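Asker: no sequence on this one, just coordinates:
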């Protein structure tokens, strides 16, 4: 059974408030006897309930008497107060989180060249989304239809959600996709990338015929590409995440070359 303790009140406060609901008007002594709240604590408990707006005191009477505020009003006041407290805590956690990110990034000792892997389709997709979420400048995507497990048509709508979040952060997103992928893409996907945040100039798609496989290039120095099961072209064994600025510069130069040769994607009306 739920009680006021679930909203942050003490067990004494819960018992005292319930006691006043049953007694109606009561003095502190009468309430302590009826609820078995220690007399040494009853005044502190009543002061706390009064401060929360759950109890009203009638000071004209001697001894002073107390009455419970109606439950709907009292509980809503507690909920509102707790909500404000939690919002303040959330703001504080976010502030501390931002400060920790800055501190931890400045302490980072990761070497310039670094690679990691994720095994299996689910872990590969999770790692890919994680890397997209770290982008703060640009995401470049190349995709054909040879390995569909990690292509945008397969990871959508979650993949589009992560790309949309990147756009919201001011990240440029460029997709170089095969003409076959566009031809086979479902209508709902075409409609989505042609509307909303994907219609922004920071998001662009071009198509090309001669593409083989796919990769994601993130912030000019990080490359994500899938490892396909050679015995099943629809299955991804894992994802390799490579951070190597020297190598990725070469890959990006190739991307720009093919991008300039590609056709802008124009959805059919």
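Answerer: Now that the structure is in, tell me what you want to look at. Computed from a predicted structure; not experimentally measured.
Asker: show me where the protein has its strands.
Answerer: Listed in chain order, the strands of the chain (DSSP state E) span 26-27, 55-58, 65-68, 114-119, 138-143, 172-178, 203-208, 215-218, 222-228, 236-243, 263-264.
Asker: need the ones you listed in a markdown table (columns: mean neighbour count, distance to residue 6 and mean pLDDT).
Answerer: Using the backbone N, CA and C atoms, a C-beta is placed for each residue, glycine as well. Listed next are the strands of the chain as a markdown table, based on neighbours: other Cβ atoms under 10 Å; distance: least, Cβ to Cβ, whole Å; pLDDT from 0 to 100:
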| stretch | mean neighbour count | distance to residue 6 | mean pLDDT |
| --- | --- | --- | --- |
| strand 26-27 | 19 | 25 | 90 |
| strand 55-58 | 16 | 19 | 88 |
| strand 65-68 | 20 | 18 | 90 |
| strand 114-119 | 14 | 40 | 84 |
| strand 138-143 | 21 | 44 | 91 |
| strand 172-178 | 21 | 45 | 90 |
| strand 203-208 | 18 | 46 | 89 |
| strand 215-218 | 22 | 44 | 92 |
| strand 222-228 | 20 | 45 | 87 |
| strand 236-243 | 19 | 43 | 86 |
| strand 263-264 | 10 | 57 | 89 |
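Asker: so which of those gets nearest residue 163?
Answerer: Among these, strand 172-178 comes nearest to residue 163, with 5.5 Å by Cβ to Cβ.
Asker: the closest one - contacts with which helices or strands?
Answerer: strand 138-143, helix 158-168, strand 203-208, helix 245-261 (3 or more Cβ pairs under 8 Å, 6 or more residues apart in numbering; DSSP states H and E).
Asker: run the last query once more with 10 Å
Answerer: For strand 172-178, the packing partners by 3 or more Cβ pairs under 10 Å, 6 or more residues apart in numbering; DSSP states H and E come out as strand 138-143, helix 152-155, helix 158-168, strand 203-208, helix 245-261.
Asker: any idea which of the ones you listed is most buried?
Answerer: Most buried of the helices and strands packed on strand 172-178 by mean neighbour count (mean count of other Cβ atoms under 10 Å) is strand 138-143; its value is a mean of 21.
Asker: quick check: angle from it to helix 158-168?
Answerer: With axes from the mean of the first three to the mean of the last three Cα atoms, to 10 degrees defining the directions, strand 138-143 sits at 150 degrees from helix 158-168.
Asker: pull up the pairing partners for strand 138-143, direction included.
Answerer: Using DSSP bridges, strand 138-143 pairs in its sheet with strand 172-178 (parallel), strand 215-218 (antiparallel).
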